[in-house]
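In: this is the structure alone, sequence omitted:
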């Protein structure tokens, strides 16, 4: 596009130069219109951040084109507008101040302080921003403008004022306009601009030069040269707007220290010689001098400006000498520094001397420390940038630096950040640290080079200190190794990173290999590694080490560990651990302990061990809120077995019963024999008392199978079970008493059954019965409501489905928590009719949505179902009938089940789910990752969706990432629940999670509001 425009303008310029005078103006008018169109297209294509300056350029072109148009107006128009020539002159002249406003706008945008403070969030008024400008560039531009003013006055304005043919305002206005524009252009170009700015400046300068030549009478054909000057402006304006660099004119110019290079020196010299040159030319040409008052005034102004420029150079020179002296002193201080604190103190002193006196500032020297754990992606990326940039310093808003640093420098809006990088570092990360210097914004750019030199010196000092420490450490290790060469125990030296720095020669015989260089936790068994981390941490914090701690190693080796913190000892400077092989001793101790706490006949725990484990279970339950259950099991009619078949048969029956009870329990549970035919079971780490009742049912089912005795005969054990759980009591003695009472109740009610203790919670049981009655009434009268929470596409933030959530407003108790009444519904079986109502209502609602919405935006509905619903015959047919009655395709329905269905005996449930999935209904696991299941369990079941609960816990992010990866490998869709912050949403989208749900977008709403969220196709917001 720029090349096409340049070619077109060149053709027009050639035609303009060759055309007769009467045909030139239409070509100039066509060129102006082309420039207006090109600027408009360029602004729309490149979309600069601030368009005011480009609008002013367009306005200036329009005024110029209108003036040209009046010049070439047909004779009828000229007769109607007798003053059209004067109007055209005014319009052309008005383009000059508009161009000046354009240049001022570019200059304001190039004055970098305002933008920097706005990025840093500094609310300082603009007056304070304007006080800091590029002073050197401003003085240079004023000097050039002053010299040009003398030339214009002497050769253009002065002669015209003494008499001429044109009106006086034209003679004065155009030269003054040329002078102002040249001054502004000089100021803009001296500060350095992008290519588009240079092109626009060159075109403007050519136009102004042709104007000056016209005013001085240098051209024979004035219309041709002034027209070509306009061509230059039009072409430059179009090319600048179409070039991509036009957006860079909004960027703040880089502020550096005042420099007096050859170019500026020549410029100042030429400007200084203007006054004597003018006098000499006028004396030679005219035989007399010009108006000496004007010449003297402008000469004095030029001299003062050059003097001010020299003053700035001298001030910069003095500051450079002071900074050089400060760097020399800092170098001497850094050479003698013995530790990091002394290096930091030397750096702070140097920065104070580098800045002007009494300048408020802050200095933070952040030394890089090796991190053993995972680092954030932002930290890794920043470290990579620092290593690549070396010691290049840059000015940043304080809020963009590291959080720990920005807190200490919060009193300043901007900070100079300089990495400490040693590219040829012998070993380790080349990034030694980062130096931060905060000060008022005008003071920072001049510190860039000095701080880079200071950062290099500080990096070398830190490297020298580290190497010195390393030499001391190695000497100490040599001495220590001599002392422990012959000891039989394993002596290990562990550094700050928990790595084994030294191992005594006996380590190979005890541990099987030399652990030197490995992390200490990796030396021991995997199961003990987290405890080893805790022990090492406690040893460093001064909490001490409990003597005789045991850790497992490979091949069943048990090690007794003793530790000492010798980090303060210069010869060691680390932790010292002593390991002793106590495998045989611990084996004997375990045998004696087992005999003391287990029943000799059945191998189960005895009463003492059972009571001890019950106490520990209660303590854990109090911490994590889990339920602890106690079951007392008593064999019915066991005395008859002993009396009729003998004690040998009775013992075999007891052993068989013990095996059946132990087999019916989980690995976390405990089976015990209390004596005679009395057994007990401890159930812990469950979430509701119903799990304890299920355990009792499993025990009865296990005992229902006949037990084969040694002689081949069979006996069936019949037992009664009493149950109690921590909701009824919170002490071991009380639980045992309640379980015993419940056992008597079970025996009184008949054989082969269980009873749960109720008396202690009589009031609560009454309340629960009342709630059950009210729930029964609500179920049959239809007093429930459904709320819908959107399931959102994380890529578009638009809802693709809704989860139906049941709500019950009790007439007297108000809103009853779903967890409370759903539990009662499960116990009473009311969850079956309630679930049937939820299914019908939700399908009816989604059917209404699908009739209203187009095919491209038809959501699905997700419904929670209970395992108990599957126990009712015909549940699969019930779902199919509900879908057919509502007229909803199976793909629009998703059934959610609790994660616990993945474990346990639920094969019938999975068989029904497989039938529904074949029919087209999607199956989802809710709250995955909260129970004792793993992602591997997902591959064995007919599933489509996995829902993971975030609940705002950052510790679950790693688990969520693993679940998302596993689910994607299995072809499952992941829905993240409980999203409440944009940070979680962004992280989940980065992990590849497609769908999300939570209060970030919306709380549960009624069906009308849910439909509105889809109908308006709006991004859902909480």
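Out: On my side now, so go ahead. Bear in mind that the values here come from a model prediction, so they are computed numbers and not experimental data. Numbers count the residues shown, from 1 in each chain.
In: low-scoring stretches of the stretch 51-200 of the chain, by residue?
Out: 70-85, 88, 93, 109-185, 187-193 (pLDDT under 70).
In: so how far is stretch 655-667 from its chain's centroid?
Out: Distance, stretch centre to chain centre, for stretch 655-667: 51 Å (CA atoms, centre = their mean, to the nearest Å).
In: apologies, that question was intended for stretch 915-926.
Out: The gap between the average C-alpha position of stretch 915-926 and the chain average comes to 36 Å, counting by CA atoms, centre = their mean.
In: just stretch 597-606 next, same as before
Out: The answer for stretch 597-606 is 56 Å, by CA atoms, centre = their mean.
In: mind naming the longest strand for this protein?
Out: strand 798-810 (DSSP state E).
In: can you give me the buried ones in it?
Out: 798-806, 808 (16 or more other CB atoms under 10 Å). In short, each C-beta sits where N, CA and C put it, glycine included.
In: hey, what's residue 975 bridged with?
Out: Taking DSSP bridges as the rule, residue 975 bridges to residue 947, residue 995.
In: any idea how far it lies from residue 968?
Out: From residue 975 across to residue 968, the span is 13 Å (CB to CB, to the nearest Å).
In: okay, the two: which has more neighbours?
Out: residue 975 (27 against 16; other CB atoms under 10 Å).
In: distance check, the more buried one against residue 919.
Out: Going from residue 975 to residue 919 by CB to CB gives 21 Å.
In: sheet-wise, list the partners of the longest strand of the chain with their directions.
Out: strand 784-793 (antiparallel), strand 814-815 (antiparallel), strand 860-864 (parallel).
In: include mean pLDDT, distance to residue 429 and mean neighbour count when you put those into CSV, please.
Out: Formatted as CSV, the strands paired with strand 798-810 follow (pLDDT from 0 to 100; distance: least, CB to CB, whole Å; neighbours: other CB atoms under 10 Å):
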stretch, mean pLDDT, distance to residue 429, mean neighbour count
strand 784-793, 89, 41, 21
strand 814-815, 74, 57, 8
strand 860-864, 93, 49, 22
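In: need the ones you listed in TSV (columns: distance to residue 504).
Out: TSV is the format used below for those (distance: least, CB to CB, whole Å):
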stretch	distance to residue 504
strand 784-793	60
strand 814-815	67
strand 860-864	61
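In: tell me which of the ones you listed lies nearest to residue 631.
Out: In terms of CB to CB, the element of the strands paired with strand 798-810 nearest to residue 631 is strand 860-864, at 30.2 Å.
In: next structured bit after that closest one?
Out: helix 867-871 (DSSP states H and E).
In: before we move on, the earlier item: pLDDT of the longest strand of the chain, averaged?
Out: Mean pLDDT, strand 798-810: 88.
In: same check, this time on stretch 669-678
Out: 92.
In: going forward can the numbers begin at 385, since that is how I track them
Out: Renumbered: residue one is now 385, and that last one reads stretch 1053-1062.
In: hmm, who's touching it?
Out: Contacts to stretch 1053-1062, defined as CB atoms under 8 Å, 6 or more residues apart in numbering, come from residues 983, 985-986, 988-991, 993-994, 997, 1016-1019, 1022, 1038, 1042, 1045-1046, 1049, 1063-1068, 1079.
In: and residue 660, what's its pLDDT?
Out: Reported pLDDT at residue 660 in the predicted model: 64.
In: how about residues contacting stretch 1300-1313?
Out: The set of residues external to stretch 1300-1313 that reach it, using CB under 8 Å, 6+ apart, is 1244, 1246, 1248, 1260, 1263-1264, 1267, 1273-1275, 1277-1283, 1285-1286, 1297, 1322, 1325-1333, 1340, 1343-1344, 1347, 1359, 1361.
In: just the buried ones from the residues you listed?
Out: Listed as buried from the contacts of stretch 1300-1313 are 1244, 1246, 1248, 1260, 1263-1264, 1267, 1274, 1277-1283, 1285-1286, 1297, 1322, 1325, 1327, 1329-1333, 1340, 1344, 1347, 1359, 1361; burial here means 16+ other CB under 10 Å.
In: out of the buried residues of strand 1182-1194, who's nearest residue 1378?
Out: Of those, the one sitting nearest to residue 1378 (CB to CB) turns out to be residue 1184, at 9.2 Å.
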